[in-house]
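> Pasted the sequence and its predicted model underneath.
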Amino acid sequence: MIAVAGAGAFGTALAISLASNGPVTLWARDAAASARMRERRETAYLPGVTLPAGIDITAEMAAVALADTVLLAMPAQTIRGFLEANRDALDGKALVACCKGIDLATLTGAASTIGAILPGATPAILTGPSFAADIARGLPTALTIACADEGAGHRLQRDLTTGNLRLYRTTDTLGAELGGALKNVIAIASGACIGKGYGASARAALMTRGFAEMQRLAAHLGADPATLMGLSGFGDLTLTCTSDLSRNYRFGLALGRGEAFDAGATVEGVRTAEAVAHLARREGVDMPITTLVAEVVGGRIEVAAGLGQLLSRPLKEE
């Protein structure tokens, strides 16, 4: 049995897709919101989408505890607290993190967080180019399922593949989670570039050099840089840096235009930029674009000045 913990847009979209394979439990933190979704079979996160009868919507962790596999569809900065609060219900299960970020407190990804808090669980990462609205509408995409336990990875690949979600398997959990997290930072930079009016050519250059940063950090930390050439890195980077459906890209657009952004929206790349900038300094890895984004979102430098710094860096070989 499969459960999805987190009834936001992405968690609900995953539940909708998985329900085509069989019954799915969808856990919502808010009991009142859970009751409304159960009664109306709809959610404000996905307008116009009807929730299939095969989704059991609940606010009870006891229902989640019945599942063998639990997808953690929540922001990266909240996973640690969720795992600590629900150790008994989650220990021993396959826990699949669906977030794309780095824990600001520990400077590690979700797989490490799961392993540290619940050593009896099987950590995995589900990541790749995927917008909730597309998945919920049944539109096709391909994702990466990363699990260090190869046997468990085969099982998760089989169980989580649906009619519109094709999963590719890897044992490189570190590479997969770095690709998913770091591309959000580059998406903010790309949005700021377009918002400031610098054009598509400048965005393409930022994406390319940002991708080099992603691979550089991954290799330094012991991940396989080739992992980032796949769906969890290059694929997700391409989508997130070029579409208005990307919250990180829209946040960057607002920065470039000097406009306010929805204060209640979770923008994973903001906290990830700060975390990765700290990590890069600690490890001695050169990541100028990531460092710039951290400075801009922290209000310590203006977008134009930051991009000017990038252009004035010493010339080097590619």
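Arrived safely, thanks for sending.
> Tell me which other helices or strands the helix or strand of the chain with the lowest mean pLDDT touches.
None of the helices or strands of the chain scores lower by mean pLDDT, DSSP states H and E than helix 303-311, at a mean of 81. Using 3 or more Cβ pairs under 8 Å, 6 or more residues apart in numbering; DSSP states H and E, the elements in contact with helix 303-311 are helix 173-195, helix 288-297. Heads up, the C-betas are built off the backbone N, CA and C, glycines and all.
> To L253, which of these lies closest?
For L253, the closest of the helices and strands packed on helix 303-311 is helix 173-195, at 4.0 Å, according to Cβ to Cβ.
> any idea of the angle the closest one forms with helix 303-311?
Angle of helix 173-195 versus helix 303-311, following axes from the mean of the first three to the mean of the last three Cα atoms, to 10 degrees, is 120 degrees.
> so which strand or helix has G264?
Following DSSP states H and E, one finds G264 outside all helices and strands.
> and it, how many residues sit next to it?
Around G264 there are 5 other residues, counting by other Cβ atoms under 10 Å.
> for it, what are its contacts?
Taking Cβ atoms under 8 Å, 6 or more residues apart in numbering as the contact definition, G264 lies against nothing.
> Could you measure from it over to L46?
17 Å (Cβ to Cβ, to the nearest Å).
> number of nearby residues for the residue lying closest to T106 once chain neighbours are set aside?
Spatial nearest neighbour of T106, chain neighbours left out: T113 (7.0 Å); criterion: Cβ to Cβ, 6 or more residues apart in numbering. Counted with other Cβ under 10 Å, residues neighbouring T113 total 26.
> ok so T113 is a helix residue?
Yes. Under DSSP: H, G, I helix; E, B strand; the rest coil, T113 sits within a helix.
> contacting residues for it?
79-80, 83, 97, 103, 106.
> per-residue pLDDT, it?
Looking at T113, its pLDDT stands at 96.
> For T78, see how far away it is.
11 Å.
> Distance from the one helix or strand E213 maps to to the middle of the chain?
Using DSSP H and E, E213 falls within helix 200-221. Here helix 200-221 is found 17 Å from its chain centre; the criterion is Cα atoms, centre = their mean, to the nearest Å.
> what does that helix contact?
Contacts of helix 200-221 (Cβ under 8 Å, 6+ apart): 174-175, 178-179, 182-183, 185-186, 189-190, 193-194, 224-225, 227-228, 233-234, 237-238, 241-242, 276, 279-280, 283, 285-290.
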